[in-house]
Structures are given as structure tokens and as C-alpha cells.
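Undergrad: What shape does this take:
(one chain, ligands or ions: 2)
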Amino acid sequence: MCLFVNFTTDLSNRHPLSKVKKDIRILGIESSCDETAAAVIINGRVVSNIVAGQEVHRKYGGVVPELASRAHQQHIVPVVDVALKEAGLTPRDLDAVAVTAGPGLLGSLLVGLSFAKSLALALDIPLIGVHHMQAHILAHFIGPEGKHPPFPFLALTISGGHTQIVRVNDYFDMQILGETRDDAVGEAFDKIASILGLPYPGGPAIDKLAREGNPKAFRFPVAKVEGLDFSFSGLKTSVLYFLQKKLKENPDFIKENLADLAASVQDTIIRTILQKLEAAMERTGIRRIAIGGGVSANKGLRAALEEFARRHEAEIYIPEFQYTTDNAAMIAMAGYLRYLQGGKDSLSLTPKARWSIEDGGKT
Ligand code: KG4
Ligand code: ZN
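TA: Ligands and ions are numbered 1, 2, ... in the order given. As a prediction, this is how the structure comes out:
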């Protein structure tokens, strides 16, 4: 099934980053995982933002790469079509096509990239390959200027495949300060949710349940990892062992304590993140933190970050909800910023399953 979500916003005035007189219209395409998305931005303002999710993975408890690429093939044409229509444009009006070139699932990336290449070739406009995690960070430059984090700032990227603390010196100058040594935060949410019998993706389900539960009901350990690196696989194992023991005593233990379990797991994850953020601020002296990636949709984390900011006199930048999970507006925004710098890629660009955030946006 194809779920269309339309986040179209009004095009009001020119984006503060727009210095050129001519209108610049960028189509963004995202297909790195299980969301097919297309968006149009004009002069840095989002005029359409369409996301088609993929229900097909739910029953498998995780994304099945082969099914994801097939679904992308079915969705890509209608999704781009709707994005252009919502923007009131035809393909001929476009100035460039920006597309996620990695990191992500190779077969999924190929669908978006091949489509974008064909479009760029047919229309004779630049193709701009975008680094997915850079785009999660650059999503902070969508919207009114007052909300853009000034450089340098720290970015916490937390998604299903990534967990990093990055020093952002400029739009495409990013340096990894710390990262996970095993599971990503979103992966930890999803795996623990699966242990609790919750459907995939488990992050939103834990977030929702946690609101009804006591975060101090159960105590799980915060992994001790040197420096600014993270580790989440130990948490998953400790939840698993804890539950195996409890279920022997009471087979209904999970059912009877679901909200408290969700709240306690979420609390442990949040404490881990805040500990590392505090250490990163101390080490760099930078007190501006921008979060990005699917897990930044987590309501508990958002509230904890606001409180953290007050306590540490830090500035926390949290993207608008629609730009947290995978979307193409952030891809179009990253493409727009590259376009303004004269950046473009060759039509022989290939997708990269693995790609360091330090190497994105360089061509
Ligand atoms: O950035 P994203 O949409 O896709 C990737 O690039 O991975 O992130 C997806 C991840 C999934 O692990 C999902 O469970 C998690 O983000 N996620 C959440 C929430 N919404 C999405 N995790 C915790 N709380 C949420 N509200
Ligand atoms: Zn993502």
C-alpha cells in the first residue's frame, strides 16, 4: 500500500539564503530506505513535500531491501508527479534535480538516482547528488532565518542507521566527533520494540507508550564508552535478559508493564544521548546543538533537550516535525545550497551504500 502524506506549505517571500534575482526551482528526490519522497523548493522555500511510506515491511519487523526497491519503483513516478503538481510546476520549470546518492540501501538508492539522472538528462539541467545524513542536518536551513543555527554548531544525527555527533563548520564542511560503535539509536528503539512485541518501526510506538509510563520503573545501564562514541547493543541485550528472567516468573510481565518498560528504555537512551552531548559541548566549547534524523521526532527526547538547554545555557535547534523523519524537502534544501555554490555531479554518479558525512557535498 502506498501512503501519501502531503506537507505542502505556502511559498511566501524569498529565502534569506537566496541572493540571486532569478527564481531557483529544485526538485528533491529521496529513496534511501523505505520512504519514497519528492519535494520542490523555490528559492529555498518548500512549496511541496510528498512522502509515500511502505506498509509492506510491517509484517517482517524491519525493512526488506528487495521489497523496498520494488515499492520505490511503483511510487517514484506518482510521487514526483504530485510534488510537481502541488508546486504548480512542470518538469521544464526545474533548474536542478537533487537526489539522495547515499548512504542507504543500494537497490533503493538506485531507483531514485536512476530516475533523477534520466530527468536531468532529458531536461538538460544539473544533477546534484546529496548525502542523506548531511541533508538531515541541512534541514535546519529550511524556514525562517532566525531559526538557522549559526556556524560552527554541533549536530546530533540520530536515525535508523546512524548515530553521530558532528561538528558543522559550514554547509558542506562536517567533522565526525563521535559515533556509535554498534547499533544506531533508531535501531536500538526498533530492536527493543520488537522484543516488547511492538510493530515496526518501534521508535514511534515506544515514544507513544512512554508518555503513559514511569521512566524510573526499571533501571537499565547506560553504556560506558570512551570519548564521544556511543554503544547501544548492550542496552538491547540487558533488556532481553531482564525480560527473559521476568517472563519465567510471570508470563504476562511485558503486557502488565508495557508503558513502564517503554518509558524506562526511552529514559536510558535519552540519558545516554545527553551525557555525550554534554561531553561534546565541554570538549569543543560550542554551545549550539542541532538535532536531525528520524529519532529527533521523539517527544521525550525533544522535551529533555529543551530542559538540557535551559540547564546548560545551550541553544538547541530542533527541526520542524515534518523534516525529522525521511523526506525530500531536506534533499532539495541540500541540493539548493550546493546549487548556490555551483556544485553539480556527473551523470555517471553511482549510489553509495556507505559514505562518510565528511565526504558529502564535495564535487
Ligand atoms: O531518519 P529516518 O526516518 O530513516 C533513516 O535514515 O534511518 O529514521 C528512522 C528511525 C527508525 O529507527 C524509527 O524507529 C526512528 O527513526 N523513529 C523514532 C521516532 N520516529 C521515528 N524513534 C523514536 N521516537 C520516535 N518518535
Ligand atoms: Zn534518514
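Undergrad: From now on I want contacts and neighbour counts done on CA atoms only, so please keep to that.
TA: Fine.
Undergrad: where does this structure dip in pLDDT?
TA: The chain contains residues with pLDDT under 70 at 1-21, 146, 363.
Undergrad: got the residues of it near ligand 1?
TA: 159-161, 186-187, 189-190, 201-204, 207, 293-295, 297-298, 325-326 (CA under 6 Å from any ligand atom).
Undergrad: now with 8 Å?
TA: Contact residues, the chain versus ligand 1 (CA under 8 Å from any ligand atom): 32-34, 104, 132-133, 136, 158-162, 185-190, 200-208, 292-299, 324-327.
Undergrad: Which strand runs longest in the protein?
TA: strand 45-54 (DSSP state E).
Undergrad: Compute the inter-axis angle for the helix or strand just after that one and strand 45-54.
TA: Counting by DSSP states H and E, the element after strand 45-54 in chain order, helix or strand, is helix 65-87. Put simply, helix 65-87 runs at 150 degrees to strand 45-54, going by axes from the mean of the first three to the mean of the last three CA atoms, to 10 degrees.
Undergrad: From the chain's centre, how far out is helix 65-87? Work that out for me.
TA: 19 Å (CA atoms, centre = their mean, to the nearest Å).
Undergrad: Please identify the buried residues of the very next helix or strand once past that helix?
TA: On the C-terminal side of helix 65-87, the nearest following helix or strand under DSSP H and E is strand 96-102. By neighbour count on 16 or more other CA atoms under 10 Å, the buried set for strand 96-102 is Ala96, Val97, Ala98, Val99, Thr100, Ala101, Gly102.
Undergrad: Tell me the one among those residues nearest to ligand 1.
TA: Ranked by distance to ligand 1 (CA to the nearest ligand atom), the buried residues of strand 96-102 are led by Gly102 at 10.1 Å.
Undergrad: Compute the number of surrounding residues for Ile125.
TA: Residues contacting Ile125 under the criterion other CA atoms under 10 Å number 16.
Undergrad: and the two most separated of the buried residues of strand 96-102?
TA: Ala96 and Gly102 (18.3 Å; CA to CA).
Undergrad: Strands along the stretch 201-350 of the chain, start to end?
TA: 288-292, 315-317 (DSSP state E, counting those that start in this stretch).
Undergrad: now these as JSON lines including mean neighbour count?
TA: Output for the strands of the stretch 201-350 of the chain, formatted as JSON lines (neighbours: other CA atoms under 10 Å):
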{"stretch": "strand 288-292", "mean neighbour count": "24"}
{"stretch": "strand 315-317", "mean neighbour count": "21"}
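Undergrad: which residues does Gly61 contact?
TA: Ser194, Pro199, Tyr200, Pro201 (CA atoms under 8 Å, 6 or more residues apart in numbering).
Undergrad: For the second one, give me its contacts.
TA: It refers to Pro199. Going by CA under 8 Å, 6+ apart, the list of residues near Pro199 reads Arg58, Lys59, Gly61, Ala193, Ala205.
Undergrad: How about the fourth one: what's its closest non-neighbour residue?
TA: This points to Ala193. Gly202 (4.8 Å; CA to CA, 6 or more residues apart in numbering).
Undergrad: So the one you found versus Thr36, what's the distance?
TA: 20 Å (CA to CA, to the nearest Å).
Undergrad: Then Lys224?
TA: On the measure of CA to CA, Lys224 and Thr36 end up 37 Å apart.
Undergrad: More neighbours: the two, which one.
TA: A direct count of neighbours by other CA under 10 Å for Lys224 and Thr36 places Thr36 higher, at 34 against 11.
Undergrad: so the more buried one touches Val51, yeah?
TA: Yes. In this structure, Thr36 is within contact of Val51 by CA atoms under 8 Å, at 5.9 Å.
Undergrad: any residues in contact with both of those two?
TA: Val79.
Undergrad: Okay, and which of the contacts of Gly61 map to helices?
TA: Ser194 (DSSP state H).
Undergrad: And the contacts of Gly61, which is closest to Leu235?
TA: Distance to Leu235 across those (CA to CA) is lowest for Ser194, with 13.7 Å.
Undergrad: who touches that closest one in this structure?
TA: Gly61, Tyr200, Gly202.
Undergrad: residues near Val130, how many?
TA: 29.
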